[in-house]
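Enquirer: Need coordinates for the following:
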Amino acid sequence: MDVDKISPEQVKECVPLIEGGRVYLLDVRTKEEWDMGHAPKAIHFDLARLEKGELPDIPKDADICTCCVSGGRAEIAKNILLKNGFSKVRNLDGLRDWKLAGGDVII
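Expert: Next up, the predicted model:
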């Protein structure tokens, strides 16, 4: 994966990769937002934790997509991960993009 923002077409391509466990989906929304619905294979890791210097337990060479509500926090998270040695991180944008691409959401 290139390190950039994912287009709507690429989101559709990523859904089966994430659902199949080949790409990590890092959801950086708050716990309250997470509890209202999230992708089944997503890893919840609030952006505030990244901003404090905590890092998720994901291999640094893994393919990772970040998401939030509209993409703003996902972009911040992507940049933090890249600055901390993660090499293949892209901004998926928001959970609504995930849903529009056919991804499941569980509550």
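Enquirer: can you give me the strands for this protein?
Expert: For the chain, the strands defined by DSSP state E cover 24-27, 43-44, 63-68, 88-94.
Enquirer: Would you mind putting the ones you listed into TSV with mean pLDDT alongside?
Expert: Listed next are the strands of the chain as TSV, based on pLDDT from 0 to 100:
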stretch	mean pLDDT
strand 24-27	95
strand 43-44	96
strand 63-68	93
strand 88-94	90
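Enquirer: So which of these is the most surrounded?
Expert: Mean neighbour counts were taken over those using mean count of other CB atoms under 10 Å, and the top value, a mean of 26, falls to strand 63-68. Where C-beta positions appear, they are placed from N, C-alpha and C, glycine not excepted.
Enquirer: Please identify the residue most distant from the middle of this protein.
Expert: Going by CA atoms, centre = their mean, the residue of the chain most distant from its centre is residue 52, 18.1 Å out.
Enquirer: show me what contacts it?
Expert: Neighbour list for residue 52: empty [criterion: CB atoms under 8 Å, 6 or more residues apart in numbering].
Enquirer: Go again with 10 Å.
Expert: Contact partners of residue 52, counting by CB atoms under 10 Å, 6 or more residues apart in numbering, are residue 46.
Enquirer: Not counting residues beside it along the chain, what's closest to the residue sitting nearest the centre point of the chain?
Expert: Residue closest to the mean C-alpha point of the chain, counted by CA atoms, centre = their mean, is residue 66 at 2.2 Å. Excluding the flanking residues, the one nearest residue 66 by CB to CB, 6 or more residues apart in numbering is residue 74, at 4.0 Å.
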